[in-house]
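[1] take this sequence and fold it.
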Amino acid sequence: MIDPVWAGVVGTAVGAVAGSAASLLAPLINWKTEKQRLVVEKQNAKELAAQQHGHEIDRLRQVAEAAELTARRQLTTEWRNGLAESMKAFHTPMVAVRPLSGKHWFETLRPYLNADDTNIKVDLVNPVIAEVDEWKGRTLSDEITRIARQWGVLE
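    Residues are numbered from 1 along each chain as shown. This is a model prediction of the structure:
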């Protein structure tokens, strides 16, 4: 049997070691737990920032697409109005020459004309057009409609 004094000494020693081990390990455990919490918090913050960035990019893309669509609508409207004025001048008997070259609306339209079409290439894309006639007016109107369809701006 074990002497009760030794049992008390051993019990006290074991209790003291266990108690001091727990008090020594508690800060280490708390530090590791806090470190893991900070790692998770940092990762969550990164993911949230990436998500917010993605939403902002999408919003800016939508704003840019809407602005581009509006600009294209305004451009096609300007082309149609310019063509209408030129056709009106064509039917005015006192106007001798009705040049399209140099007119703002036509010069902004010229890069979008189908240069592969022979009639357009010969009659419309050339640097100087003496006058607009019924055929050229219909051709320009068809080209404006083609471009508007291609751009998706037809109302």
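[2] just the helices in the chain please.
    Taking DSSP state H as the test, the helices found in the chain are 4-90, 104-109, 118-123, 134-151.
[3] among these, which gets the worst mean confidence?
    Mean pLDDT across those is lowest at helix 118-123; the value there is a mean of 57.
[4] residue contacts, the most centrally placed residue in the chain?
    Centroid-nearest residue in the chain, with CA atoms, centre = their mean: Arg61, separated by 2.0 Å. Contacts for Arg61 (CB atoms under 8 Å, 6 or more residues apart in numbering) come out as none. C-betas here are computed from N, CA, C, even on glycine.
[5] gap between it and Ser141?
    Distance of Arg61 to Ser141, given as CB to CB, to the nearest Å: 33 Å.
[6] likewise Lys32?
    76 Å.
[7] these two - which one has more neighbours?
    Neighbour tally, Lys32 and Ser141, criterion other CB atoms under 10 Å: the higher count belongs to Ser141, 15 against 10.
[8] what's the closest non-adjacent residue to that one?
    Leu83 (6.2 Å; CB to CB, 6 or more residues apart in numbering).
[9] what sits against the one you found?
    Trp105, Val132, Gly137, Leu140, Ser141, Ile144.
[10] out of those, who's nearest Arg73?
    Relative to Arg73, the closest of these is Ile144; by CB to CB it sits at 12.0 Å.
[11] nothing else from me, thank you.
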